[in-house]
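# Show me how the following folds:
(chains A and B)
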Number of protein chains: 2
Amino acid sequence: MTAFLEDQPVVSTESRDDDPAFALHRGGKIEISLSVPLETRDDLSLAYTPGVARVCTAIAEEPDLIYDYTWMSRTVAVVTDGTAVLGLGDIGAKAALPVMEGKAMLFKHFGGVDAVPICLDVTDTDELIETVVRLAPAFGGINLEDISAPRCFEVERRVQERLDIPVFHDDQHGTAIVTLAALRNAAKVTGRTLADLRVVVSGAGAAGIAVSKMILEAGIGDLAIADSKGIVHLDRTDLNDEKRMFAGISNKAAFTGSFNDALAGADVLIGLSAGKVPFEAVQSMAPDSIVFAMANPDPEVHPDDARRAGARVIATGRSDFPNQINNVLAFPGVFRGAMEVRARCVTEGMKQAAAVALADVIADELSEDCVIPSCFDPRVAPAVAAAVADAARRDGVARL
Amino acid sequence: MTAFLEDQPVVSTESRDDDPAFALHRGGKIEISLSVPLETRDDLSLAYTPGVARVCTAIAEEPDLIYDYTWMSRTVAVVTDGTAVLGLGDIGAKAALPVMEGKAMLFKHFGGVDAVPICLDVTDTDELIETVVRLAPAFGGINLEDISAPRCFEVERRVQERLDIPVFHDDQHGTAIVTLAALRNAAKVTGRTLADLRVVVSGAGAAGIAVSKMILEAGIGDLAIADSKGIVHLDRTDLNDEKRMFAGISNKAAFTGSFNDALAGADVLIGLSAGKVPFEAVQSMAPDSIVFAMANPDPEVHPDDARRAGARVIATGRSDFPNQINNVLAFPGVFRGAMEVRARCVTEGMKQAAAVALADVIADELSEDCVIPSCFDPRVAPAVAAAVADAARRDGVARL
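Numbering: from 1, shown residues only, chains lettered A, B, ... in the order given. Predicted coordinates:
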């Protein structure tokens, strides 16, 4: 049904629509559709009263039937509080909605998962957790999105403790899965094992911490992480709980100086901050170095400069250079796989399996300029989903 | 995208699907669809990063742009806590989901409104209110559904006080609008004015109170409302706040006995409870009486019996008798109209206008067996929407 009020005035926004991004966004990017017919009184009496009452009664008696007889088993809430939206920061719940709608598009297009944007007007951590738990019953999974660090760590952990559906903070784990997949292939193409690698990570926010944890878990040799004050180490007195915990499990080489100092002789640079990395610092890395400069839109070091400084595998967050590290390679398949087996949570094993499956998609095409598939590669989501589903069963968190 | 795991086992539910209602519900009744393309890297860079960031920034600077550049302006949250689902009672949030999905189907099919089922795991009134307020930013309206009385009155009032989008408890106002529309036409067809009518209402729950308020507001002569203890009057000591308030503004005839006693000589019976009304009580009503027996699936008095007892206009909640009083005649058009003018709330004027417009749809076809249109009549939602939009402007609550 189109607008009833054809002459509805448009409020002084036409000129914005000269920008194709605004023109595309006019009226929104997603909609609700009916997946069963509603043309006759019989249709109505099955889909709504009186027929629906029998389905409700059955679910009340046997709650897991909600997976069979509603959209819940394929539906994710994409939840934000608008505190860390893209690189824009704390722009609020309403201004975050276009990103959440975009995410819902990607969920559906790449993973066949129905995703609903939920933008919450609450920023107190306890209240945010309570609100997400309360709105969960009609959803098969919770994708937390654009929630500021370090609150995001606690929010994810405590929400998952209270719910028996997958809870996944994509800014952490989506980035981590794709980065690890690219790192696996970058090691392979440069003739190393993960255990050979000394990694330095720039950025100790949600993504930096999650990437670091996940690649350590995968078995890399050593890792140091830097925030704006330099390398995170146990002698620092300005660390939050997450960074302090992290300092304890990383940095075997015991660096205490700047990010650039730690780069000397390192095998891998992983950039997840807006800070620039000088040419000389990249030049000081080990031969055949691996540089993932993922700040968007301006990488920590331009790929051409990284190449001239001796890097052999270079990845960015941008689509106009080879090796784009893009979360969309992970989250649609992760949720698809987790939800197909009705997983109770997302385990470390499921994330590691996703990274391996994603890396393996391009086994035959592997090269320095192809360590990660294109986000339009149709093999990606099914491969990730199957690996995640298998891992969920192996880890004992699958209902099916 | 169809299932990746083709051999996914079905959990002992096949036999249920012999019931066509279960078969239709398998896998759910609604889905999310993309309303803009996502086929190329260019599409992706407009709908998601980097293009989406410009839209987010614009909304952060000018919040009302959320109406222009997201799905919010056409999207309603259908919110329940599962405490009063259909006639099934407090069956919980999960078991309520099939009804909310059905509601979303009706919103889309009849009103072109995108509606999202939200089933909340919270029943404390203060927490329920707080939760609905927190989840509101990405929605253009809130349809409260199947929340038990008397909590529903306070929930609706306090949520509306805190939000500047339409908040509408359909069990109250949807029923009231359709009932008033039918009553307007029933009065006309029996040669009366609203002021001529003495009405007795059975049932002082959400629907009974709301119907009574709305028809009093429309100008009927007198009204008495009965709960399970008899007529509500000020000498009773067992009334909740809502009923006590109501006792003060109704029952000019000062009835204090049973519902059946009050029926003697009454022009109109409105049944909104499960209680039966005896043949003799209907027989005791005024000549050419009007009987709306809306309990589902078993009307308070069978239409054939009501006819034999002297009723001239008879309506029920069922589709297999003439004059079905069905909420779907109201809520799609009410939200459509309110949202097209970006109304800040739903006023009494908007509801009254909806009832008049709904009654007027069948001006030419008016007869004893046609006092209300069919819910499949394509004129209904546009007529209601236009009237509601006009009333919103008249009442000064429209942004457009």
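# for the residue of chain A positioned farthest from its centre, phi and psi?
Within chain A, the residue lying farthest from the chain centre (Cα atoms, centre = their mean) is A:Arg41, at 44.0 Å. Per-residue torsions, A:Arg41: phi -60, psi -30 (degrees, to the nearest 10).
# pLDDT at the nearest residue to it once chain neighbours are set aside, what is it?
Nearest in space to A:Arg41, with sequence neighbours left out and distances taken as Cβ to Cβ, 6 or more residues apart in numbering or on different chains, is B:Ser319 at 5.2 Å. No exception for glycine: its C-beta is placed from N, CA and C like everyone else's. B:Ser319 carries a pLDDT value of 88.
# Now do the same contact list for B:Ser319.
By Cβ atoms under 8 Å, 6 or more residues apart in numbering or on different chains, the residues touching B:Ser319 are A:Arg41, A:Leu44, A:Ser45, B:Asn326.
# Looking at the residues you listed, which is nearest A:Phe335?
Nearest to A:Phe335 out of the contacts of B:Ser319 is A:Leu44 (Cβ to Cβ; 32.3 Å).
# The residue in the stretch 101-250 of chain A that chain B sits nearest to and A:Arg151: what is the separation?
Relative to chain B, the nearest point of the stretch 101-250 of chain A is A:Gly112 (3.2 Å; Cβ to the nearest Cβ). Between A:Gly112 and A:Arg151 the computed distance is 31 Å (Cβ to Cβ, to the nearest Å).
# and if you look at A:Asn296?
From A:Asn296 to A:Arg151 the distance is 22 Å (Cβ to Cβ).
# unless I'm mixing things up, A:Ala186 is touching A:Cys370, no?
No: the criterion here is Cβ atoms under 8 Å, and A:Ala186 misses it with A:Cys370 at 10.6 Å.
# isn't there a strand covering A:Trp31?
I think there's a mix-up here, since residue A:31 is Glu and not Trp. Yes: A:Glu31 forms part of a strand when assessed by DSSP: H, G, I helix; E, B strand; the rest coil.
# if we can go back for a sec, higher neighbour count, A:Gly112 and A:Arg151?
Using other Cβ atoms under 10 Å in any protein chain shown as the criterion, A:Gly112 and A:Arg151 rank with A:Gly112 on top: 21 against 18.
# Quick check: phi and psi on the more buried one?
When quoted as degrees, to the nearest 10, the phi and psi of A:Gly112 stand at phi 60, psi 20.
# surely it meets A:Arg74?
Yes: counting by Cβ under 8 Å, A:Arg74 is a contact partner of A:Gly112 at 7.3 Å.
# can you list the domains in chain A?
Structurally, chain A divides into domains by automatic domain parsing as follows: A:35-69, A:70-165, A:173-316.
# Take these and lay them out in JSON lines including mean pLDDT and distance to B:Leu234.
Shown next, in JSON lines, are the domains of chain A (pLDDT from 0 to 100; distance: least, Cβ to Cβ, whole Å):
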{"stretch": "domain A:35-69", "mean pLDDT": "95", "distance to B:Leu234": "36"}
{"stretch": "domain A:70-165", "mean pLDDT": "97", "distance to B:Leu234": "39"}
{"stretch": "domain A:173-316", "mean pLDDT": "94", "distance to B:Leu234": "60"}
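# Same list, the ones you listed, but as JSON lines with distance to A:Ala343 please.
Shown next, in JSON lines, are these (distance: least, Cβ to Cβ, whole Å):
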{"stretch": "domain A:35-69", "distance to A:Ala343": "12"}
{"stretch": "domain A:70-165", "distance to A:Ala343": "8"}
{"stretch": "domain A:173-316", "distance to A:Ala343": "14"}
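# how about the ones you listed, which one is nearest B:Ile220?
When the domains of chain A are compared (using Cβ to Cβ), the closest one is domain A:35-69, at 27.9 Å.
# start to end distance for that closest one?
13 Å (Cα to Cα, to the nearest Å).
# Return the set of buried residues in that domain.
For domain A:35-69, the neighbour count (16 or more other Cβ atoms under 10 Å in any protein chain shown) marks A:36, A:38, A:43-60, A:65-69 as buried.
# Next step: the residues you listed restricted to helices.
Among the buried residues of domain A:35-69, the ones falling in helices (DSSP state H) are A:43-47, A:51-60, A:66-69.
# Which entries in these are shared with the contacts of chain B?
Residues of those in contact with chain B (Cβ under 8 Å from any Cβ of the partner chain): A:44-47, A:51-60, A:66-69.
# The closest residue in space to A:Leu144 that isn't next to it in sequence - how many residues pack around it?
Nearest non-adjacent residue to A:Leu144, counting by Cβ to Cβ, 6+ apart: A:His169, 4.2 Å away. The number of residues packed around A:His169, counting by other Cβ under 10 Å, is 27.
# Pull up the gap between A:His169 and A:Val116, please.
Using Cβ to Cβ, A:His169 is found at 17 Å from A:Val116.
# Against B:Ala23, how distant is A:Gly140?
Taking Cβ to Cβ, one finds A:Gly140 at 21 Å from B:Ala23.
# Give me the more crowded residue out of the two.
Counted by other Cβ under 10 Å, A:Gly140 and B:Ala23 do not tie: A:Gly140 has more neighbours, with 25 against 14.
# picking that back up, for the residue nearest to A:Arg41, pull up the helix or strand it's in.
For B:Ser319, there is no enclosing helix or strand under DSSP states H and E.
# likewise A:Leu97?
Using DSSP H and E, the element containing A:Leu97 is helix A:93-111.
# At which residues are the strands of the stretch 51-200 of chain A located?
With DSSP state E, counting those that start in this stretch as the criterion, the stretch 51-200 of chain A has strands at A:75-80, A:114-119, A:141-144, A:167-169, A:198-202.
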